[in-house]
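**Student:** quick check, what structure comes out for this input:
(one chain, ligands or ions: 1)
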Amino acid sequence: MSKSNLESLIKKSRSVRSFAPGKKVDSETLEKLIELCRYTPSSANLQALKFRPVTDEAEVAQVFAATAWAGYIKDEKLPPEGHEPSAFIVICCDKNIAANVTPFFKDTGICAQTAMLGAAEAGLGGCMIGSFDADKIKTALGLSDNLEITLVLALGYADEAPEIIDAKDGNIKYFRKNGCHYVPKRSLDDIIIK
Ligand SMILES: Cc1cc2nc3c(=O)[nH]c(=O)nc-3n(C[C@H](O)[C@H](O)[C@H](O)COP(=O)(O)O)c2cc1C
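**Tutor:** You can find the predicted model right below:
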């Protein structure tokens, strides 16, 4: 089977943790990524997710300060100083639409990957951030009480190109060597249940 465009895009869409300094993502681009999310499937078609684009420099800095990156990498600061993302999309569940947020973590994943593929297609890089201080972000962005943050998407122009490698002996920890970020993926055989 030849490689499809979709397969190429999915492979290109790696988690990036170092961004080109001075190259900003504009709000129109974020809006286009959010628009892609409009067309995704939704539990009971409730469309309870709301998206807060963040491009203002002061807000970006505050959201960044409330995120944690690359838990497996202990000997390097990531993103490196000066190579932080220039934008975020903060995904929230609107509890006025869905009081029970739990099902919407699935919707969040669908939207997150959709936006990230759109970002990759637009020449951007990014990283989904599940490790964040929700209270700090809510305060920084003035989010109302009905909005519960489900995931944060960091975005920017990548200045690294992570590489996929085959996971050996079940070791799935990503690592960095000679400036390259390597992401081990389990084999197809390992993930198909027989
Ligand atoms: C739901 C979710 C939450 C994540 N949260 C974080 C995070 O808080 N910090 C981080 O550096 N990476 C985070 N990641 C990125 C993963 O570490 C990354 O997807 C994994 O290492 C595989 O690399 P790849 O995305 O390039 O395939 C998250 C990924 C997902 C799907």
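
**Student:** in stretch 65-75, what's buried?
**Tutor:** A66, T67, W69, A70 (16 or more other C-beta atoms under 10 Å). The way it works is simple: take the backbone N, C-alpha and C, and place the C-beta from them, glycine included.

**Student:** can you narrow those down to the ones near the ligand?
**Tutor:** W69, A70 (C-beta under 6 Å from any ligand atom).

**Student:** just the closest of the buried residues of stretch 65-75 to Y39, please.
**Tutor:** Closest approach to Y39 among these (C-beta to C-beta): T67, at 27.3 Å.

**Student:** please report how far that closest one lies from K12.
**Tutor:** Here the criterion is C-beta to C-beta, to the nearest Å. By it, T67 lies 23 Å from K12.

**Student:** repeat for S42
**Tutor:** Distance from S42 to K12, counting by C-beta to C-beta: 26 Å.

**Student:** out of those two, which sits in the more crowded spot?
**Tutor:** Ranked by neighbour count (other C-beta atoms under 10 Å), S42 and K12 place S42 first, with 19 against 14.

**Student:** which residues does the nearest residue to the more buried one once chain neighbours are set aside contact?
**Tutor:** Take S42 and drop its neighbours on the chain: the residue closest to it by C-beta to C-beta, 6 or more residues apart in numbering is D107, 5.6 Å away. Neighbour list for D107: T40, P41, S42, S43, A48, L49 [criterion: C-beta atoms under 8 Å, 6 or more residues apart in numbering].
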